[in-house]
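Asks: How does the following fold in three dimensions:
(2 chains)
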Amino acid sequence: MLIRAKFTKEEPVRFISHLDVVRVFDRAVRRASLPIAFSGGFNPRPQMGFTFPLPVGVTSSSEYVDIKLTEYISPEVFKKKLNDNLPKGFYILEAREVEDDIMPLMSVINTAVYDVVIKTGVKYDERTLHFIFDNFLNMDNIIIKKEKKKRGKKYSKNVNIRPFIYSLKILSREYDKFILEMKLHAARVSVGQVIQALKQWDDKLNNWEMEKVHRKGLFIKKNSELFSPFD
Amino acid sequence: MYKNEIERILEQVEKPARYLGNEWNSVHKDLSSIDVRFVFAFPDTYEIGMSHLGIKILYHLLNEQKGIYAERVFAPWTDMENELRKRNIPLFSLETREPLINFDIIGFTLQYEMTYTNILNMLNMAQIPVFSSERDNSHPLIIGGGPCAYNPEPIADFFDLFVIGEGEEVILELIEAYKSWKNKQEDKEVFLKIAAGIKGIYVPSFYKVYYNSNRTVEEIKPIDKSVPKKVEKRIIQDLDNAYYPSRFIVPFMEVVHDRAMLEIFRGCTRGCRFCQAGMIYRPVREKSIETLEKQGKELMDNTGYEEISLVSLSSSDYPYIEPITEKLLEAFKTRGVNLSLPSLRIDSFSLRMAELVQEVRKSGLTFAPEAGTQRLRDVINKGVTEKDLLECVKSAFELGWHNIKLYFMIGLPTETYEDLDGIIDLAYKIVRIYEDVTEAKDKRLKLTVSTSSFVPKAFTPFQWEPQFSIEELKNRQEYLRKRLKHRQITYNWHMRELSFLEAVMAKGDRRLSDPIYKAWLKGCKFDSWSEHFKYQLWLDAFNECGIDPEFYAYRKRGYEETFPWDHINPGISKEFLVREHRKGTIKAEPTLDCRFGPCSACGIKNLQGGRYCAY
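Replies: Below is the predicted model:
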């Protein structure tokens, strides 16, 4: 049986890397004595599939994992047992049985939604902010330099990230801070790269600092409509 | 408060998971019911410290006591240090992020001599004076324990007290004494007096060292009648019933030994003459198979680790190694758990064990013949023959292993170039055996030959021996390097300068506190990390203090000389060590393990009434 679970990665564990998260789940499912299916080979690993790595330091209320089991267990029991064995900061919000041959998360999820708290240093009024983002998104091309590595050699490549920025929306604002909702392609562009591009485009924004980044949604986008991985 | 700032810093440093403190099974207590706050300090990185069994045992032991809360701190990597110093944030504990200066007791693990500068650096980062003479009641008590505490003299000036031997019992006695003293609000001196009366506790400030005109130690004398002349080490009498934690902390990040550790026995009586562990951890005490089975299962249930390692100084010497291995393999069969048996000896039995646990995975086998010729192996009492080794390697190849590591020591007492030729010879014989076994069809052999440089250590039969000069070690490493050039052989060697300083510290006396302090002031830290090791700064430090480090490392010492560590009693007698020294270096004769041969009269029978020696 295959279970798809949605989980959080909150403040206490935001500094652990994607690889560490995989290890956390590996050990938690073993502690929980769930009937996990192991991979073959000399180092058997529980069969699990995750989504796109969350950058270190970012929190999330919307991570997903598929876990393969050897026998049926109710998703509710699964959720309870696993939650009892996850370190503080991880929490399974929902678990559902899915078809064994369902497409892996990595191949279907393509959209991520973030809330980004930005500290501007100086006061901006709402109109100015709107003006900035409207103009920014009005460009057809937003080119940034991406650092890449090939056979150990570092090189940089110019990439147009504009097609991967779906929307930028101001959710709330106080004196020198505002919350920006970013809807982005889940893999082709990062929050950091969008901020980098903003600063590159207008050096008056150079003092802007990301105070907090939170991933609140991962979706499957089909014909500009968003579906949850549970759908 | 610093806590918000720390979060900000963590966003900027490499590997922030080193500093979190909320790993699975880490302990978080309600502070309102705590009388004594203790922090275990490990003077190296998180990855190394979290691989250390001693800390794990003591951390959980203390935390299972009411009223005591024990936390952890490791040496912050240099990027973290820079950020903390820049913002004037004092070094803090992992669990509660409390500044170290607010703790009652800071306990340093003394695992390796070349971490001493890190101890000073950590104290300084904690804004605590590094010299014990500059600390008073308002400062935490700074204590140390571990193998280096057997010769604590080079760092005597920085510590309030040392724990000699195994800590499980004495640490509780010490904290109990601390608690009643703390309530009475008396002077620190009063507490140290009480502590010095506890068996196994050494308070260096109560001892005065007198020197001869030739710079050797004349006498180490207690300054007060109430203080013992000799400090006897502590041991756990009944290991089978001793405390052992089942809820090991499971780190988020990958650490050096990222697995559950099950200690199967303590002590070793093989009697290798260079080996300090084989001398100071005597006598041998084993756990029963029932205890191991129970502890092993509990460990896996509570940690979820994918691997468990049976830990001791020599796995194959545990009499029930085969049944316990089979039992644990059976218990974990469906759980995808690997079992590892480190420190296997070189014999067919051990190979069978390796085969048993590895099933089909033929990752690598490690053997430590230590020396290249039978003569030299007899000198050091490493009871292994070339025949053993070659037969073992041959069977390993037949069973499908391709990856062999050989550990040797160079610069051993009486070593000549013939002994080095022995190493080369062995390596090529192994390559040929591989060709024979695989009929030269297989080219997968990877033979790694590693040499460390011999460091004479206190309380070993070789404690009287000088170390070879850096120059000579270089010649010998070069000699091997040139001759071990082969497609399938990799030769590794250790930093010579580091081995030299290790020898200085290992056999040093109290006068070394100054150069250690100076070296740290000049910027030495993480000395055992090649990218941070600054040998010249160490030399400058010695120079400015008017101390000749060669005096400690290169001098052949006489039997009549008083050693800086002679007031510590590890249980084995000096007469035994002298006998073993002579037997090895003069006669090149081995001594049989007393588990299989006659009693070698090492003296451990006289320790604490001799109740512990089973052989």
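
Asks: same for the strand ranked longest in chain A, what does it pack against?
Replies: What stands out as the longest strand in chain A, according to DSSP state E, is strand A:209-222. Applying 3 or more C-beta pairs under 8 Å, 6 or more residues apart in numbering or on different chains; DSSP states H and E, one finds that strand A:209-222 contacts strand A:59-68, strand A:111-119, helix A:191-201, strand A:225-227. From N, CA and C alone the C-beta is placed, and that goes for glycine too.

Asks: Name the residues that touch the lowest-mean-pLDDT helix or strand in chain A?
Replies: Every helix and strand of chain A was ranked by mean pLDDT, DSSP states H and E. The lowest is strand A:143-150, at a mean of 85. Outside of strand A:143-150, the residues within contact range by C-beta atoms under 8 Å, 6 or more residues apart in numbering or on different chains are A:Lys154, A:Tyr155, A:Ser156, A:Lys157, A:Asn158, A:Val159, A:Asn160, A:Ile161, A:Gln193, A:Gln196, A:Ala197, A:Gln200.

Asks: Specify which member of the residues you listed is nearest to chain B.
Replies: A:Gln196 (16.0 Å; C-beta to the nearest C-beta).

Asks: which bits of chain B sit near chain A?
Replies: B:10-11, B:16-17, B:20, B:22-24, B:250, B:252-254, B:300-306, B:335-336, B:338, B:358-361, B:363 (C-beta under 8 Å from any C-beta of the partner chain).

Asks: List the ones among those residues that fall in strands.
Replies: Using DSSP E, the residues of chain B next to chain A in strands are B:Asn338.

Asks: Buried subset of the residues of chain B next to chain A as a ChimeraX selection?
Replies: Command for ChimeraX that selects the buried part of the residues of chain B next to chain A, burial taken from 16 or more other C-beta atoms under 10 Å in any protein chain shown:
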select /B:10,16,17,20,23,24,250,252,253,300,302,303,304,305,306,336,338,358
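
Asks: Could you list which of the residues of chain B next to chain A belong to helices?
Replies: Mapping the residues of chain B next to chain A onto helices (DSSP state H) picks out B:Leu10, B:Met300, B:Asp301, B:Asn302, B:Thr303, B:Gln358.

Asks: can the residues you listed go into a markdown table with extra columns for distance to B:Ile433 and pLDDT?
Replies: Compiled in a markdown table, these are given as follows (distance: C-beta to C-beta, whole Å; pLDDT from 0 to 100):
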| residue | distance to B:Ile433 | pLDDT |
| --- | --- | --- |
| B:Leu10 | 52 | 96 |
| B:Met300 | 38 | 96 |
| B:Asp301 | 43 | 96 |
| B:Asn302 | 44 | 97 |
| B:Thr303 | 40 | 97 |
| B:Gln358 | 20 | 71 |
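
Asks: And the strands in the stretch 301-450 of chain B, which stretches?
Replies: Ranges of strands in the stretch 301-450 of chain B, per DSSP state E, counting those that start in this stretch, are B:307-311, B:338-340, B:365-370, B:403-410, B:446-453.

Asks: among those strands, which is nearest B:Arg476?
Replies: Minimum separation from B:Arg476 across those (C-beta to C-beta) falls at strand B:403-410, 5.1 Å.

Asks: Give me the residues contacting that closest one.
Replies: For strand B:403-410, using C-beta under 8 Å, 6+ apart, the contacting residues are B:274, B:362-372, B:380, B:393, B:396, B:420, B:423, B:426-427, B:430, B:445-454, B:468, B:473, B:476-477, B:480, B:493.

Asks: May I ask which helix or strand encompasses the residue located most distally from the centre of chain A?
Replies: When distances are taken from the C-alpha mean of chain A, A:Phe42 lies farthest, 31.6 Å away, according to C-alpha atoms, centre = their mean. Assigned by DSSP states H and E, A:Phe42 belongs to neither a helix nor a strand.

Asks: Next up, the contacts around B:Asp317.
Replies: Taking C-beta under 8 Å, 6+ apart as the test, what B:Asp317 contacts is B:Phe265, B:Cys268, B:Arg270, B:Arg345, B:Arg595.

Asks: Look up phi and psi at the fourth one.
Replies: Right, B:Arg345. phi -80, psi 170 (degrees, to the nearest 10).

Asks: can you count the residues close to it?
Replies: 19 (other C-beta atoms under 10 Å in any protein chain shown).

Asks: Average pLDDT for stretch B:414-431, rounded please.
Replies: Averaging pLDDT along stretch B:414-431 yields 97.

Asks: Mind listing what's buried along that stretch?
Replies: Across stretch B:414-431, burial judged by 16+ other C-beta under 10 Å covers B:Glu415, B:Asp419, B:Leu420, B:Gly422, B:Ile423, B:Ile424, B:Leu426, B:Ala427, B:Ile430, B:Val431.

Asks: Stretch B:434-453 too?
Replies: B:Tyr434, B:Glu435, B:Val437, B:Thr438, B:Leu445, B:Leu447, B:Thr448, B:Val449, B:Ser450, B:Thr451, B:Ser452, B:Ser453.

Asks: Just put these in TSV and tack on distance to A:Glu63 and pLDDT.
Replies: Formatted as TSV, the buried residues of stretch B:434-453 follow (distance: C-beta to C-beta, whole Å; pLDDT from 0 to 100):
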residue	distance to A:Glu63	pLDDT
B:Tyr434	48	95
B:Glu435	52	93
B:Val437	50	93
B:Thr438	48	90
B:Leu445	45	92
B:Leu447	45	96
B:Thr448	41	96
B:Val449	47	97
B:Ser450	43	97
B:Thr451	48	97
B:Ser452	45	97
B:Ser453	50	98
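
Asks: could the residues you listed go into TSV alongside distance to B:Ile57?
Replies: Formatted as TSV, those follow (distance: C-beta to C-beta, whole Å):
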residue	distance to B:Ile57
B:Tyr434	41
B:Glu435	47
B:Val437	43
B:Thr438	45
B:Leu445	40
B:Leu447	37
B:Thr448	32
B:Val449	35
B:Ser450	29
B:Thr451	32
B:Ser452	27
B:Ser453	31
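
Asks: Would you check how far apart the residue in the stretch 1-150 of chain B that chain A sits nearest to and A:Ala37 are?
Replies: Residue nearest to chain A within the stretch 1-150 of chain B (C-beta to the nearest C-beta): B:Pro16, separated by 3.8 Å. Separation of B:Pro16 from A:Ala37 (C-beta to C-beta, to the nearest Å): 33 Å.

Asks: how does the chain divide up, domain by domain?
Replies: No chain in the question, so chain A it is. A:2-107, A:111-227 (automatic domain parsing).

Asks: look at chain B instead
Replies: Domain ranges of chain B: B:3-232, B:344-494, per automatic domain parsing.

Asks: Let me have these in TSV, extended by distance to A:Val189.
Replies: Compiled in TSV, those are given as follows (distance: least, C-beta to C-beta, whole Å):
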stretch	distance to A:Val189
domain B:3-232	20
domain B:344-494	40
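
Asks: With A:Phe52 as the reference, name the closest of those.
Replies: Among the domains of chain B, domain B:3-232 comes nearest to A:Phe52, with 19.7 Å by C-beta to C-beta.

Asks: From the chain's centre, how far out is that closest one? Work that out for me.
Replies: Its chain's average C-alpha position is 17 Å from that of domain B:3-232, according to C-alpha atoms, centre = their mean, to the nearest Å.

Asks: No more questions from me, cheers.
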